[in-house]
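1. what's the 3D shape of this:
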Amino acid sequence: QVHLVESGGGSVQAGGSLRLSCVASGDTVCVSTMAWYRRTPGKERELVAKITDRGSAYYADTVQGRFTISRVNVQDTIYLQMDTLKPDDTAVYYCKADGRRLVGGRCATDYWGQGTQVTVSS
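-> Numbering: from 1, shown residues only. Predicted structure coming up:
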């Protein structure tokens, strides 16, 4: 099993910054690409950014240029630096890890954290 724990959420005014962290523990050999998603009430869960274990990153258009995802493999940790925050960024942010396809099927398809609330006021 893999456990993901997010931290770093909170409340900030528009234009401010926050840094989210996600630490993986347990059977971390199963962890492949990691990502941040977010969800607001009444909306579908949205991919914010993802990063491979080699460091290749992808960003949603809505956050491109404002958010930066990074990864420290030896610490099984990813970060999301969020700058120039907007009220529309208000959401619960979730960490996700894709499971590797290993012989014997020891890894799940994916793993999710419990989420951390980010609130941006105008």
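2. and the residue of the chain most remote from its centre, which of the three is it?
-> Distance from the C-alpha centroid of the chain peaks at Gly104, with 27.7 Å (C-alpha atoms, centre = their mean). The three-state label given to Gly104 by DSSP: H, G, I helix; E, B strand; the rest coil is coil.
3. where's it relative to Val2, distance?
-> 16 Å (C-beta to C-beta, to the nearest Å). From N, CA and C alone the C-beta is placed, and that goes for glycine too.
4. just Ser32 next, same as before
-> 11 Å.
5. The two: which has the busier surroundings?
-> Val2 (19 against 14; other C-beta atoms under 10 Å).
6. what about the residue nearest in space to the middle of the chain, which helix or strand?
-> What sits nearest the mean C-alpha location of the chain, by C-alpha atoms, centre = their mean, is Trp36, with 2.3 Å. Using DSSP states H and E, Trp36 falls within strand 31-39.
7. Would you mind checking the average pLDDT for that strand?
-> Taken as a whole, strand 31-39 has a mean pLDDT of 97.
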